[in-house]
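> Compute the structure for the input listed below.
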Amino acid sequence: MTSKLSLDAVAREQLQRAGAGPSGRSARTVYGGHEHLLRQTVIALVTGTELAEHENPGEATVHVLHGRVRLRAGDTSWEGRRGDLIVVPDARHTLEALEDSSVLLTVAKHRPS
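Numbers count the residues shown, from 1 in each chain. Alright, predicted model coming up:
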């Protein structure tokens, strides 16, 4: 892995893939992975696509790189646009693209006890 990359370029590439694929989404881990505590992933979603409700695997943030998204946990939701940082609650949640969007998801997984 290189020590420097363009998040804008990765976001553009993932948006192209999301638009071309049947699921309307695409993702690429740019740092870390299952063997690391920290993982950063660029996720692209076309308008109207969402990541279904799921658990939070650790402390997490969503940095909006492009577009506009809504993160919803229960009855509470937060909208974010380019440059916004949303702290992911420690609860089941969804992420929906209100327009073609890409985000940088950063997760610091909980250490095993």
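> Export the worst-scoring helix or strand of the chain on mean pLDDT to PDB, keeping only CA atoms.
Within the chain, no helix or strand scores below strand 50-54, which has a mean of 89 by mean pLDDT, DSSP states H and E. C-alpha atoms of strand 50-54 as PDB (Å, rounded to 0.1, in the frame of the first residue of the first chain):
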ATOM      1  CA  GLU A  50     -28.700   2.900   1.000                       C
ATOM      2  CA  LEU A  51     -26.600   0.600   3.100                       C
ATOM      3  CA  ALA A  52     -29.200  -1.500   5.000                       C
ATOM      4  CA  GLU A  53     -29.500  -1.200   8.800                       C
ATOM      5  CA  HIS A  54     -26.400  -2.600  10.400                       C
END
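> partner strands of it, parallel or antiparallel?
strand 93-97 (antiparallel) (DSSP bridges).
> helix or strand right after the partner strand?
Once the chain leaves strand 93-97, the next helix or strand it forms, by DSSP states H and E, is strand 101-109.
> And that following strand, what does it pack against?
helix 7-20, strand 38-45, strand 58-66, strand 68-73 (3 or more C-beta pairs under 8 Å, 6 or more residues apart in numbering; DSSP states H and E). To be clear about C-beta, it is placed using only N, CA and C from the backbone, and glycine gets the same treatment.
> where's residue 10 relative to residue 71, distance?
21 Å (C-beta to C-beta, to the nearest Å).
> More neighbours: which of the two?
Neighbour totals were compared for residue 10 and residue 71, and residue 71 leads with 21 against 18 (other C-beta atoms under 10 Å).
> So that one versus residue 93, what's the distance?
Distance from residue 71 to residue 93, counting by C-beta to C-beta: 6 Å.
> Check residue 106 too.
For residue 106 relative to residue 93 (C-beta to C-beta), the value is 15 Å.
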